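Colleague: take this sequence and fold it.
(chains A and B)
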Amino acid sequence: MIQKDKILFPQLGLGLGLRPEHFDQISNGESRVQWFEILTENYLGISGHGQSPLLAKLLRLAEIYPIVFHCVSMNIGSVDNIDLDFLKQIKELKKLVNPKWISDHLCWTGVDNKNTHELLPLPYTQETINHVSQKINQIQDFFGERILIENTSSYITYKDSELEEWEFISEIVNKTDCGILLDINNIYVSSVNHNFNPKDFINNIPLNNVGQIHLAGHRKKKNGLIVDTHDDFVCDEVYELLKYFLTLSSLPATMVEWDDNIPDLKTYEEEVLRINQFL
Amino acid sequence: MSLKELQGKIFEIVRYQSEDDCKLVIDDKKIGSKTRLNTYINSSYIKAKECIEDDYEASLSFIENKDQLIKDYLAQYPPDTHFINECGQNFLKYLIETNYQAKQPFLLDLIKLEWLRVESFYDFYNYKHVVKNTHQVLVNPSLKTIESHWPLDIIWTNKTPHDLKKSLVFIWTTEDRIVDCQSWDEEVGIVLMELIEKKSLDLAVEALLSNITSSKLTKILEAHLSEWINKGILLIKE
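Modeller: Down below sits the predicted model:
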């Protein structure tokens, strides 16, 4: 069972997504940030092929910096059962790395054991709330601690949805007491794609449960949609939304995601260190 | 509609790249439901397609209409693990099942070679044997072999067809994570294979001497043993 009385999540400061191209510089002490988030799946062993080639480097960094796990494959929203083998792999890695917490997305990635490798949105219904809450509770029981769930960016709204996204998330947090990894870029992207006020999102979620913030860059497509590409600088509107968040709450552990067209370490770090200007 | 039904339908739309069934998604004036759904359909397809194009770069260079083939393959065998790099593992199986008529007679062997290259890349850290005795051969755990009637390593490198020429191709990953493949003349290949199988220099030499003269074997070892060590295929523990 999770420890309900535990301080929800420690404030780690400003962090970055750990990217293999920056390993050596970070190991040499050239980084100015305080913690790193890893994409957990990249460090798991590959079935039948031994350990991940990145694991040894990660273990060296984990001796110096706080690490948090960010997953994309728990498939929390899917009607499929929890993949216990996958969770066991994460647990094994967790024993080695001792991360501060584990997060994944409030979405589904596939059904019938098939994987789209997409973070597909869920219909915001009571049935989904019950289903997802039960799975989050199962995962939290498995790890013996709270996990954080991240709001995803989305491009579709299901006709079946009965609630706003923030109502949906709040209800799940209420049922599970899980943490929130608040992706402010995703709020902005979805607000443009679905025409809502992004401040309504921030105003209406349980801020006490926000343990981490993501910022990222995105792309506007010719068809009018904004796509969450993680391949560019963070735009001013997203920083403005972060400033708005800070009028309501203190800053939790915060980082910038950058997964494509990854810049040099200095440029990448400057994106997250900009936040110091707002504090 | 239940969550199960909805997810089943959305998955089929993404899997078969069909835009027809958009009734599940709100269609607004700003951006239509087809456009919105296509964002997921295209993204899911492109990730897997790029992976297959990387894995089968040489084989696909001999295939016309490769985009359609990849699309059909992924509809039949959508990725089934979180590790997207495994999405090409059934490609050969799919071609055999669909009785694919390859214009190049070496194509299926080349596909086998390219998948062994993928497996080799991920096997680099898969050490299973601890060396205890001297003269023991420590084989790179990523090493794979394939026999063919065509010189697959030459075809893979040049991406051009080649006449029949029997080959035993060795595939391995180097310490800087480069996957290499190479074949040698038949007798040289036999010596290397014996070293790999016996995992002992002494035992390999003993076995080889029943078929190769001592002077020939010495010449081969003098010419190639350090090459194999330098290329990272094996190590001899002194």
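Colleague: phi, psi of the residue lying farthest from the centre of chain B?
Modeller: Ranking residues of chain B by C-alpha distance from their mean position (CA atoms, centre = their mean) puts residue B:29 at the top, at 46.7 Å. Reported as degrees, to the nearest 10, the phi and psi values for residue B:29 are phi -70, psi -30.
Colleague: got the contact list for it?
Modeller: Applying CB atoms under 8 Å, 6 or more residues apart in numbering or on different chains to residue B:29 gives no contacts. No exception for glycine: its C-beta is placed from N, CA and C like everyone else's.
Colleague: what pLDDT is listed against residue B:18?
Modeller: Reading off the confidence values, residue B:18 has pLDDT 81.
Colleague: now the nearest residue to it once chain neighbours are set aside, what's its secondary structure?
Modeller: On the basis of CB to CB, 6 or more residues apart in numbering or on different chains, the spatially nearest residue to residue B:18 that is not a chain neighbour turns out to be residue B:12, at 7.2 Å. Secondary structure assignment for residue B:12 (DSSP: H, G, I helix; E, B strand; the rest coil): helix.
Colleague: where's residue B:12 relative to residue B:29, distance?
Modeller: Between residue B:12 and residue B:29 the distance, using CB to CB, to the nearest Å, works out to 27 Å.
Colleague: the longest strand along chain B pairs with which strands, parallel or anti?
Modeller: With DSSP state E applied, the strand covering the greatest number of residues in chain B is identified as strand B:167-173. The strands beside strand B:167-173 in its sheet (DSSP bridges) come out as strand B:144-148 (antiparallel), strand B:179-183 (antiparallel).
Colleague: quick check: which of the ones you listed is nearest to residue A:178?
Modeller: Relative to residue A:178, the nearest member of these by CB to CB is strand B:179-183, separated by 41.7 Å.
Colleague: centre of the chain versus that closest one, how much separation?
Modeller: What separates the centre of strand B:179-183 from the centre of its chain is 12 Å, taken as CA atoms, centre = their mean, to the nearest Å.
Colleague: what does that strand rub up against?
Modeller: Outside of strand B:179-183, the residues within contact range by CB under 8 Å, 6+ apart are B:113, B:117, B:120-121, B:142, B:151-153, B:156, B:167-174, B:189, B:231.
Colleague: same question, stretch B:64-76
Modeller: Among residues not part of stretch B:64-76, those counted as contacts by CB under 8 Å, 6+ apart are B:15-17, B:45, B:48-49, B:52-53, B:60, B:63, B:87, B:90-91, B:94, B:98, B:100, B:103.
Colleague: a strand runs through residue A:212, doesn't it?
Modeller: Yes: assessed with three-state DSSP, residue A:212 lies in a strand.
Colleague: which residues sit in contact with it?
Modeller: Residue A:212 makes contact with A:9, A:37, A:68, A:101, A:103, A:148, A:179, A:181-182, A:252-255 under the criterion CB under 8 Å, 6+ apart.
Colleague: could you do residue A:97 as well?
Modeller: With contacts defined as CB under 8 Å, 6+ apart, residue A:97 is in contact with A:38, A:43, A:58, A:59, A:62, A:67, A:69.
Colleague: again, only using 10 Å
Modeller: For residue A:97, the contact set (CB atoms under 10 Å, 6 or more residues apart in numbering or on different chains) comprises A:38, A:40, A:43, A:55, A:58, A:59, A:61, A:62, A:63, A:67, A:68, A:69.
Colleague: ok, so of those residues, who is nearest residue B:39?
Modeller: Closest approach between the contacts of residue A:97 and residue B:39, by CB to CB: residue A:40, at 25.1 Å.
Colleague: and the gap between that closest one and residue A:127?
Modeller: Between residue A:40 and residue A:127 the distance is 29 Å, computed by CB to CB.
Colleague: might you list the low-confidence residue ranges for the stretch 1-150 of chain A?
Modeller: Along the stretch 1-150 of chain A, the parts satisfying pLDDT under 70 run over A:1-7.
Colleague: now the helices: where do they sit in it?
Modeller: The residue ranges that make up the helices of the stretch 1-150 of chain A, judged by DSSP state H, counting those that start in this stretch, are A:23-27, A:55-62, A:84-97, A:126-143.
Colleague: now the third one, how far from the centre of its chain.
Modeller: The one in question is helix A:84-97. Using CA atoms, centre = their mean, the distance from the centre of helix A:84-97 to the centre of the chain it belongs to is 18 Å.
Colleague: could you do the second one as well?
Modeller: The chain centre lies 21 Å from the centre of helix A:55-62; the measure is CA atoms, centre = their mean.
Colleague: what residues sit buried inside that helix?
Modeller: Buried positions in helix A:55-62, judged by neighbour count with 16 or more other CB atoms under 10 Å in any protein chain shown: A:55, A:57, A:58, A:61, A:62.
Colleague: out of these, who's nearest chain B?
Modeller: For those, the closest approach to chain B (CB to the nearest CB) belongs to residue A:55, at 8.2 Å.
Colleague: list the residues that contact the residue nearest to that closest one when sequence neighbours are not counted.
Modeller: Computed as CB to CB, 6+ apart, the closest residue to residue A:55 that is not its neighbour in sequence is residue A:43, at 5.4 Å. Counting by CB under 10 Å, 6+ apart, residue A:43 touches A:18, A:51-55, A:57-59, A:67, A:69, A:89-90, A:93, A:96-97.
Colleague: so which of the helices of the stretch 1-150 of chain A comes closest to residue B:238?
Modeller: For those, proximity to residue B:238 was assessed by CB to CB; helix A:55-62 is nearest, at 25.9 Å.
Colleague: tell me which strands and helices the closest one is in contact with?
Modeller: helix A:23-27, strand A:35-39, strand A:67-70, helix A:84-97 (3 or more CB pairs under 10 Å, 6 or more residues apart in numbering or on different chains; DSSP states H and E).
Colleague: now do the strands in the stretch 101-250 of chain A.
Modeller: Secondary structure of the stretch 101-250 of chain A, counting by DSSP state E, counting those that start in this stretch: strands at A:102-105, A:148-150, A:179-183, A:210-216, A:219-220, A:226-227.
Colleague: can I get those in CSV including distance to residue B:108?
Modeller: Output for the strands of the stretch 101-250 of chain A, formatted as CSV (distance: least, CB to CB, whole Å):
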stretch, distance to residue B:108
strand A:102-105, 39
strand A:148-150, 43
strand A:179-183, 45
strand A:210-216, 43
strand A:219-220, 40
strand A:226-227, 38
